[in-house]
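> Here is my input, please return the structure:
(chains A and B, ligands or ions: 2)
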Amino acid sequence: MALLSASGLVKTFGGVTAVDSADLEVAMGSITGLIGPNGAGKTTLFNLLSNFIPSDRGQVMFNGQSIERLQPHEIARLGMVRTFQVARTLSRLSVLENLLLATQQQTGEKFWQVWLQPGKIAAEEQQSRDRAMEILESIGLAHKAHDYAGGLSGGQRKLLEIGRALMTRPKLILLDEPAAGVNPTLINQICEYITYWNQQGLSFLIIEHNMDVIMSLCDRVWVLAEGKNLAVGTPQEIQTNAQVLEAYLGN
Amino acid sequence: MLNYLFSFDPGILNYVAFLLTSMAIYGLMGLGLNLQWGFTGLINFGIAGFVAVGAYVTVILSLTQVPIVLAMLAGGFVAALFGLLMGFATLRLREDYLAIVTIGASELVRLIFNNEELYDGRPGSMGINGFPLPLESFRPTTFTRVGMVAIVTVIFGLALWKLWQWANRRLKSAAQKQKVAITAVAVLAGLLGLRAYVVTAISLSNFRANQAGNGLLFVALIVTAIAFWVVERLIRSPWGRVLKAIREDEEIAKALGKNVFAYKLQSLMIGGFLTGIGGALYAWQQSNVYPDNFRSNLTFNVWILMVLGGAGTNPGVLLGAVIFWVYTALTRDLNQILPLPTVQIDAFRMVFIGLLLIALMVWRPQGILGNRDELTLGK
Ligand SMILES: Nc1ncnc2c1ncn2[C@@H]1O[C@H](COP(=O)(O)OP(=O)(O)OP(=O)(O)O)[C@@H](O)[C@H]1O
Ligand SMILES: [Mg+2]
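Numbers count the residues shown, from 1 in each chain, chains lettered A, B, ... in the order given. Ligands and ions are numbered 1, 2, ... in the order given. Predicted coordinates for the structure are as follows:
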């Protein structure tokens, strides 16, 4: 069953058609890859799926619900969380606070509840903190918990983004190049987390240029070139697909 | 000048009480702006408009027999709605629109109050006077006098205790050379606080000697203390965390399911509410309202004190208000020293505060109580 399915998505910027009637499907419980040459429209497709940029045309279904008209935050609340190609951090908040922010349905996020239910809020904060520390532990950032997130290295920021996404308890995480600019040991670690969380029932859609990552993780891979679907299949099928090879090497 | 520190002459005491009231009022406006800019990153260049709305609504309602406290709250609410209106119009657009619209709207408010007829048919430019002032007909007994002094004792006590905590915390992590400076600053601030407390206590004990001034001093101290406690609590809550996240990078907040638009509106409204209440106090202090009292230099002054003390820290903003008024008091008598006409003295005071700000930006861009580390973080 498809957790996420998009069909006929189109987006033009001025004269450039970045995404040209593209389809995509992520099966429930899968790790799905999205690859394509630079400028193929992968990041734009993420922006369309999460509605950070509204599409010109096309439908997106998530978990049996049409979402192309929902606000980005509403989509996140349904359980589909995106990360950014260039990792974003809340610099002047601590690493821990970066994660605490991500917890969903916090009573204390309504300002009037700060006065009405302080006890409940404190209890929720404690739970949220415990879980955040667990996640930080697992991504190896626990010793940085109380440092400003702005002081993290590029690779650590990528991990923090993933940690933040996990904190929301999503059904699907969209990762935009999680391995880019990350050293090989850390890449292996990231792959292990992804596999681990996938076994816990979480689905992933991953944009990645690092083919080792794609080959080792993905159940299914979608290939995009010049905004159009070029191919879809298992990693092995894609690896040997002549059109794909040409798109990458040709020209 | 030393008079302000040591004299017990009634005239001097009244003036110091006036300064304390002004500090509280500007501090309150600063807390409102700080919520919007310091914590949410929203640029509000229309403080004067919020203050005007709060002032006019309070004054006009209280003239129509509405109890003064309700009138003040209504002033705050209408100022909050003023914020809502501007937020609604601009927050979905690029962020600089809010800045532009707040400037325009606040001028607009002033012009409307200037050109419209008042409720009694007189032209707006003639202003309003003779409206009720808080506690103006209050006749304190020994018992209520003690009660008032007890309340301000608690307020100043908490402030001094906070100062003590701050100094201790800073001393623990400071280098030897800094320790002297920190101790000196803390002792100085403590002594000034003590003087402020003594003046307040004396003024309230002789309540009838300066009825309107002392009433307002008492009210302003209480209102600002409550506002401080409220915003401190709010920004330490998960709600405040979302505001800070929006200030840092609103795309992240969106990606994590936060309704950024709604939070920005809330920040504008709550900040606007505080500024509007500040407007009520401002009107009471002047005991008249003229459209000219709400020019953009008011906006400018509130920004200055916030930046001075450190945007993003509430104690810093209050400190900024204190420094701003100490500066104003010290330079007030400048014409006795410098043989210059008043106009030039006023210009000189502005130039000097400009230089002060430039110096601050060079050596302490985070403001006096701001956190330097935060500024050097790579984005
Ligand atoms: N906001 C925008 N405005 C104008 N053009 C854009 C915008 N975003 C993307 N584009 C263009 O759309 C095309 C697709 O860009 P996109 O970032 O989606 O590619 P990508 O597949 O993610 O590439 P990469 O692998 O390099 O990250 C590019 O030609 C890009 O220049
Ligand atoms: Mg990209």
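
> CA only for contacts and neighbour counts going forward, please
Noted.

> What are the buried residues along the helix or strand containing residue B:193?
Using DSSP states H and E, the secondary-structure element containing residue B:193 is helix B:176-205. The neighbour-count check on helix B:176-205 (16 or more other Cα atoms under 10 Å in any protein chain shown) flags B:179, B:182, B:186, B:190, B:193, B:195-205 as buried.

> Just the closest of these to residue A:171, please.
The nearest member of the buried residues of helix B:176-205 to residue A:171, counting by Cα to Cα, is residue B:182 at 51.4 Å.

> got a list of what the closest one touches?
Applying Cα atoms under 8 Å, 6 or more residues apart in numbering or on different chains to residue B:182 gives the contacts B:167, B:170-171.

> Nearest to residue A:92, out of those: which one, please.
residue B:170 (19.5 Å).

> how near is the nearest residue to the closest one once chain neighbours are set aside to residue B:166?
Excluding the flanking residues, the one nearest residue B:170 by Cα to Cα, 6 or more residues apart in numbering or on different chains is residue B:182, at 7.5 Å. Distance, residue B:182 to residue B:166, by Cα to Cα, to the nearest Å: 10 Å.

> Select from the contacts of residue B:182 every entry located in helices.
Counting by DSSP state H, those place B:167, B:170-171 in helices.

> pretty sure residue B:227 is in a helix, no?
Yes. Judged by DSSP: H, G, I helix; E, B strand; the rest coil, residue B:227 forms part of a helix.

> pretty sure it is touching residue B:275, no?
No. Applying Cα atoms under 8 Å as the test, residue B:227 and residue B:275 come out as separate, 10.5 Å apart.

> got any residues that touch both of these two?
B:28, B:31.

> Which one of these two is surrounded by more residues?
Taking other Cα atoms under 10 Å in any protein chain shown, residue B:227 and residue B:275 do not tie; residue B:275 has more neighbours (34 against 18).

> The host helix or strand of the more buried one: which residues count as buried?
Using DSSP H and E, residue B:275 sits in helix B:260-286. Using 16+ other Cα under 10 Å as the test for burial, helix B:260-286 gives B:260-261, B:263-285.

> how distant is it from the center of its chain?
For helix B:260-286, the separation from the chain centroid amounts to 11 Å (computed by Cα atoms, centre = their mean, to the nearest Å).

> Packing partners of whichever helix or strand comes after that helix?
Later in the chain than helix B:260-286, the nearest helix or strand by DSSP H and E is strand B:288-289. Applying 3 or more Cα pairs under 8 Å, 6 or more residues apart in numbering or on different chains; DSSP states H and E, we find strand B:288-289 packed against strand B:128-129.

> Quick check: mean pLDDT of the strand it packs on?
Here strand B:128-129 scores 89 as its mean pLDDT.

> same question, stretch B:138-149
pLDDT averaged over stretch B:138-149 gives 90.

> Run through the residues of chain B sitting next to chain A.
B:234, B:237-242, B:244-245, B:248-249, B:252, B:254-259, B:374, B:377-379 (Cα under 8 Å from any Cα of the partner chain).

> so of those, which ones are in helices?
B:234, B:238-242, B:244-245, B:248-249, B:252, B:254-255, B:374.

> In chain A, which residue is most central in space?
Nearest to the mean C-alpha position of chain A, by Cα atoms, centre = their mean, lies residue A:174 at 2.2 Å.

> Per-residue pLDDT of the one residue in the stretch 151-251 of chain A that gets nearest to chain B, please?
In the stretch 151-251 of chain A, no residue comes nearer to chain B than residue A:151, which is 6.1 Å away by Cα to the nearest Cα. Predicted confidence (pLDDT) at residue A:151: the value is 91.

> Based on its surroundings, how many neighbours for it?
The number of residues packed near residue A:151 is 21, by other Cα under 10 Å.

> pretty sure it is touching residue A:93, no?
No. Under the criterion of Cα under 8 Å, residue A:151 makes no contact with residue A:93, lying 10.3 Å away.

> So which elements touch whichever strand or helix holds residue A:59?
For residue A:59, the host element (DSSP H and E) is strand A:57-62. In this structure, strand A:57-62 packs against strand A:2-13, with contacts taken as 3+ Cα pairs under 8 Å, 6+ apart.

> If you count residues, where's the longest helix of chain A?
Longest helix in chain A, counting by DSSP H: helix A:118-138.

> any idea which helix or strand comes after it?
Following helix A:118-138 toward the C-terminus (DSSP H and E): helix A:154-167.

> and the next helix or strand after that next one, what other elements does it pack with?
Heading C-terminal from helix A:154-167, the first helix or strand you meet, by DSSP H and E, is strand A:172-176. The contact analysis (3+ Cα pairs under 8 Å, 6+ apart) places strand A:172-176 against strand A:80-82, strand A:203-207.

> most neighbours per residue, which of those strands?
strand A:80-82 (a mean of 28; mean count of other Cα atoms under 10 Å in any protein chain shown).

> does ligand 1 sit close to that strand?
No. Using Cα under 6 Å from any ligand atom, strand A:80-82 never reaches ligand 1; the gap is at least 13.6 Å.

> ok, residues contacting the helix or strand following that strand?
Per DSSP H and E, the first helix or strand lying C-terminal to strand A:80-82 is helix A:95-102. For helix A:95-102, contacts defined as Cα under 8 Å, 6+ apart pick out A:89-90, A:125, A:128-129, A:132-133, A:144-149, A:160, A:163-165, A:167-168, B:238, B:241-242, B:245, B:256-257.

> Please, a PyMOL command that selects the buried ones among these?
A single PyMOL command selects the buried members of those (16+ other Cα under 10 Å):
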select buried, (chain A and resi 89+90+125+128+129+132+133+144+145+147+148+149+160+163+164+165+167+168) or (chain B and resi 238+241+242+245+256+257)
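
> coming back round to it: buried set for the longest helix of chain A?
Quick answer for helix A:118-138 (16+ other Cα under 10 Å): A:121-122, A:124-125, A:128-129, A:131-133, A:135-136.

> which two in the residues you listed are spaced the farthest apart?
Spatial extent of these (Cα to Cα) is set by the pair A:121 and A:136 at 21.8 Å.

> give me the element residue A:24 is part of.
In the assignment (DSSP H and E), residue A:24 maps to strand A:16-27.

> Give me the mean pLDDT for the helix or strand just after that strand.
Going down the chain from strand A:16-27, the next helix or strand is strand A:31-35, by DSSP H and E. Averaged over strand A:31-35, pLDDT sits at 95.

> Which strands and helices lie in contact with strand A:31-35?
Against strand A:31-35 (3+ Cα pairs under 8 Å, 6+ apart) you get strand A:203-207, strand A:220-225.

> now it: how far from the chain's centre is it?
11 Å.

> now stretch B:342-354
With Cα atoms, centre = their mean, you get 22 Å for stretch B:342-354.

> Give me the residues contacting that stretch.
Here stretch B:342-354 has contacts from B:331, B:334-335, using Cα under 8 Å, 6+ apart.

> Now for residue B:196: which residues touch it?
B:16, B:20.

> if we can go back for a sec, just want the angle from the helix holding residue B:275 to helix B:238-255.
Angle of helix B:260-286 versus helix B:238-255, following axes from the mean of the first three to the mean of the last three Cα atoms, to 10 degrees, is 140 degrees.

> name the helices or strands packed onto helix B:260-286?
Applying 3+ Cα pairs under 8 Å, 6+ apart, we find helix B:260-286 packed against helix B:10-33, helix B:47-63, helix B:68-90, helix B:211-235, helix B:238-255.

> Make JSON lines out of those and add mean pLDDT and distance to ligand 1.
Rendered in JSON lines, the data for the helices and strands packed on helix B:260-286 read as follows (pLDDT from 0 to 100; distance: least, Cα to the nearest ligand atom, whole Å):
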{"stretch": "helix B:10-33", "mean pLDDT": "95", "distance to ligand 1": "33"}
{"stretch": "helix B:47-63", "mean pLDDT": "96", "distance to ligand 1": "35"}
{"stretch": "helix B:68-90", "mean pLDDT": "96", "distance to ligand 1": "21"}
{"stretch": "helix B:211-235", "mean pLDDT": "95", "distance to ligand 1": "34"}
{"stretch": "helix B:238-255", "mean pLDDT": "96", "distance to ligand 1": "14"}
